[in-house]
Structures are given as C-alpha cells and as structure tokens.
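*Asks:* Next comes the sequence, and after it the predicted model I'd like to discuss.
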Amino acid sequence: MPKAKGKTRRQKFGYNVNRKRLNRNARRKAAPRIECTHIRHAWDHAKSVRQNLAEMGLAMDPNKAVPLRKRKVKAMEVDVEERPKELVRKPYVLNDLEAEASLPEKKGNTLSRDLIDYVHYMVENHGEDYKAMARDEKNYYQDTPKQIRNKINVYKRFYPAEWQAFVDSLQKNKMEVE
C-alpha cells in the first residue's frame, strides 16, 4: 500500500547530537553483558575474548585446551609435545570460580505456607484416615485420598525434622488427654 502523498519528511542531520557518546553507547549496548561477576570485573574491553580468558586461566575452546593424544604405533618412541603454557595474569578469577563451585548448593524449592497448614490440620484431625480427610470441609480443592497422601508425603520429604517434631507433639498431646 503506497504512502499518502506529502507525508514523508526529508531526513535532516542532527547537529546537536554528540556522535562520540552515541557511538560509545552503541558499542557498549552491542557487547553482551557477562553474567559471572568474577569474570566481568576482571574483563578488559580492549582485549579479545581469547586473550581475556587466557589471562584468567580459562579456555575459550575446550577441545584445544585439553587435546586428545593420538596413540602411537611404535611402543618405544613416545613423543610428548609440550606446548608453552600461557601466562595466567589473573589467577584470582579462577580461584574465586573454584571457591564458588565448591560451595554446597542451597535448596531452592520449598512448600507454600498454605500447604503446610493444610497438612498439619488434616493430620491433627484425622491422623492416617485419608478417606476422612477427603470428606473434610477444609478440603477446598476436593483432593482425593491419594492426592492428600501424596501431599503429606511431599511435606515429610521436604521437612523431615519438622515432621518428626510435629508427630512427637501430637503423641505428647494424645498422652496428656488420656
């Protein structure tokens, strides 16, 4: 579909735009953001990716960093080619990455407070009777007995210490009542 006549404007040069700043910002936006903070702080934008990684003791191409040795047919002659090691000028980056990798992984998955309260309520009132739990008025989502049992098992698996304390408190309350 053609444009309406007279609606296109001629491009005019913007004299008031700072070209140096414009180009610098465009270059900065074009470079990808490095997610790893250790590498980002040690990065030198004047150098290439390969040079930066070599200075940090990292490899750009893992196939070239650890070459596979080809088996020689002759058993007596052993040719071991020693490549000159590249100088690691920033070993602290590698040390920080190793330290971060050696930290234990923290548990990211937790259960909602509503589910925990639901499980506590059901077990307090019904014990192990899943059919009674399914008929309970607090069973808003109309879970079947198997679904309720699975929810309780998930809670047991996620919080074993809390579950044991909860069961012990139930036993204690039961003893006091009798």
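*Replies:* All right, it came through fine. Given the structure is predicted, the values throughout are model-derived calculations rather than measurements.
*Asks:* Report all helices and strands that the worst-scoring helix or strand of the chain on mean pLDDT contacts.
*Replies:* Counting by mean pLDDT, DSSP states H and E, the chain has its least confident helix or strand at helix 62-65, which shows a mean of 86. Packing partners of helix 62-65 (3 or more Cβ pairs under 8 Å, 6 or more residues apart in numbering; DSSP states H and E): none among the helices and strands. Every residue, glycine included, has its C-beta placed from N, CA and C.
*Asks:* List the contacts of it.
*Replies:* residue 59 (Cβ atoms under 8 Å, 6 or more residues apart in numbering).
*Asks:* swap in stretch 119-132?
*Replies:* 133, 136, 138-139, 145-146, 148-149, 151-152, 155, 166, 170.
*Asks:* mind redoing it with 10 Å?
*Replies:* If you take Cβ atoms under 10 Å, 6 or more residues apart in numbering as the criterion, stretch 119-132 is touched by 111, 133-136, 138-139, 143-156, 159, 162-163, 166-167, 169-170, 173-174.
*Asks:* Buried ones among those residues?
*Replies:* 133-134, 136, 139, 143, 148, 151-152, 155, 159, 163, 166 (16 or more other Cβ atoms under 10 Å).
*Asks:* Which members of the residues you listed define the maximum pairwise distance?
*Replies:* The widest separation within these, taken as Cβ to Cβ, falls between 134 and 159 and amounts to 23.0 Å.
*Asks:* isn't residue 58 right up against residue 98?
*Replies:* No - here residue 58 does not reach residue 98: they are 11.4 Å apart, not a contact under Cβ atoms under 10 Å.
*Asks:* more crowded one of those two?
*Replies:* Between residue 58 and residue 98, residue 58 has the larger neighbour count (other Cβ atoms under 10 Å), namely 16 against 9.
*Asks:* so where's this structure uncertain?
*Replies:* 1, 72-85 (pLDDT under 70).
*Asks:* repeat that with 90
*Replies:* In the predicted model, the chain carries pLDDT under 90 at residues 1-11, 24-34, 44-49, 60, 62-89, 104-110, 173-178.
*Asks:* Kindly export the least confident helix or strand of the chain (C-alpha atoms) in CSV.
*Replies:* Coordinates of the C-alpha atoms in helix 62-65 are reproduced here as CSV (Å, rounded to 0.1, in the frame of the first residue of the first chain):
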residue,chain,number,x,y,z
PRO,A,62,37.8,-26.8,25.5
ASN,A,63,38.8,-29.1,22.6
LYS,A,64,42.1,-27.1,22.1
ALA,A,65,42.7,-26.7,25.8
